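> no sequence on this one, just coordinates:
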Ligand code: EPZ
């Protein structure tokens, strides 16, 4: 296992290009299964999770190859309906092959994803939605087996859960509905930009979809979909991570090839925290603008503040004078980064779904343990500003969702290197 060592104290300066979106490309890769024809997807980041999804597509019988950011997927007509535990256990997003397999083959058998560091990852909403499309669900031996009675049939489906909408459940139902007979309405659909990107990919394939990006999505089933060329949106969570990196180091960076409109809630909070952000077409210019000020953040479904930037925001708040409150409403125990930030001198008290952050003058570098993708990003940000060296262990978590992170940070002046553990 690799580790990353960071010497803190450098103000980041310069320009960085954002990669394609992990959370957009993963469901789009699953959607490619909805036709036997080849799809070519561009702006694909070389990430651990993308390579896992390539392996999964191949294990289902599709041809898939990623070269220089271009992914070619040719599902063909000999797909198998089984997504094995050994692959699904490493990546929850594998569950989004359920809808496409059910629509193409009339059946699917996918290992239950289990939990991960940020909490239980149930799929009850996925199953509720697919069952409503006239499928039978059977859960046994850790697998969900799903089969259409005759043919998938459109339906009105309310996809609301305890935490609001579900991104991948919306994706699964939308994908299955594209080849169902008749009209499907998804109420309380997720509105994330990645859901919109998936809908655009499906519409280019010939699907009839309206309302993507709103809580009500309507899909009119069609007989067949075709292979397409498509370019994936930029990764808003990577872009947001670099915005927090500029803020925490008091730097001045241009973040390019991103969509400022995907980060309005984050930009609003950073403004409140005293960070200057100038927005351009596909770029933001981020620099510190005087003293940082404490803020209160609550994570909620899009367009509210994203849970995937909660840990990064907390790193910034840990060195912001005053008291900030971070409330996590999507994954109530997504606080694995808190004890690790504490090892660096952060003063954070957990109170149920909230963290009360007392800003300190200085963090001190220390060996810390990454636990999940975004927590590890928060530890890197803390290392950038801490006194001395910080050693982040188990950085395979980072490699799941950040492409060339050390190289990008080094190009901004950071003193950061990777070593074999
Ligand atoms: C997507 O996960 C993202 N992953 C997550 O990003 C992100 O944190 C999450 O959406 C929320 O924005 C991908 O897109 C690959 P959910 P997803 O279903 O779809 C509960 C990252 O760091 N729920 O929207 O799996 C669930 O427990 C990752 O890039 C049910 O109760 O998340 C959670 O509390 C982490 N039943 C909430 O809904 C269900 O059937 C939101 O989960 C499904 C979800």
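Yes, it's here. These numbers come from a predicted model, not from an experiment.
> So in terms of bridging, what pairs with the residue nearest to residue 43 when sequence neighbours are not counted?
Among residues not flanking residue 43 along the chain, residue 20 sits closest, at 3.7 Å (C-beta to C-beta, 6 or more residues apart in numbering). Using the backbone N, CA and C atoms, a C-beta is placed for each residue, glycine as well. Here residue 20 shows beta-bridge partners residue 234, assigned using DSSP bridges.
> quick one: residue 20 and residue 233 touch, right?
Yes: contact criterion C-beta atoms under 8 Å: residue 20 and residue 233 qualify, at 7.3 Å.
> where do the contact lists of the two overlap?
When contacts are counted by C-beta atoms under 8 Å, 6 or more residues apart in numbering, residue 20 and residue 233 are jointly contacted by residue 43.
> before we move on, back to that, contacts only, for the residue nearest to residue 43.
42, 43, 44, 45, 69, 231, 232, 233, 234, 235 are the contacts of residue 20 under C-beta under 8 Å, 6+ apart.
> Just give the number of residues close to the residue lying closest to residue 415 once chain neighbours are set aside.
Counting by C-beta to C-beta, 6+ apart, residue 415 lies nearest to residue 7, which is 3.7 Å off, once chain neighbours are set aside. By other C-beta atoms under 10 Å, 17 other residues sit near residue 7.
> Tell me the bridge partners for residue 7.
What pairs with residue 7, by the bridge criterion (DSSP bridges), is residue 389, residue 415.
> contacting residues around it?
Residue 7 touches 365, 388, 389, 415, 416, counting by C-beta under 8 Å, 6+ apart.
> The third one contacts residue 365, doesn't it?
Yes: using C-beta under 8 Å, residue 389 is in contact with residue 365, at 4.6 Å.
> Alongside the ligand, which residues does this structure contribute?
Within the chain, the positions adjacent to the ligand are 23, 26, 92-93, 121-126, 161-163, 166-169, 194, 307-308, 330-331, 373-374, 401 by C-beta under 6 Å from any ligand atom.
> ok, now with 5 Å
Within the chain, the positions lying close to the ligand (C-beta under 5 Å from any ligand atom) are 23, 26, 93, 122-125, 161, 163, 166-169, 307-308, 373-374.
> List the ones among these that fall in helices.
Among these, DSSP state H puts 23, 26, 124, 125, 167, 168, 169, 373, 374 in helices.
> For the first one, which non-adjacent residue is closest in space?
In other words, residue 23. residue 194 (4.5 Å).
> Now for the one you found, how many residues are close by?
27.
> Please report the distance of it from residue 322.
34 Å (C-beta to C-beta, to the nearest Å).
> Tell me the confidence at residue 115?
Listed pLDDT for residue 115 reads 64.
> how about the helices of the stretch 251-400 of the chain, start to end?
Here the stretch 251-400 of the chain has its helices, by DSSP state H, counting those that start in this stretch, at 264-272, 310-317, 337-343, 373-385, 396-399.
> Tell me both backbone torsions, phi and psi, for residue 149.
With angles defined as degrees, to the nearest 10, residue 149 sits at phi -60, psi -50.
> quick one on the thing from earlier: between residue 389 and residue 365, who's got more neighbours?
Using other C-beta under 10 Å, the more surrounded residue of residue 389 and residue 365 is residue 365, with 21 against 15.
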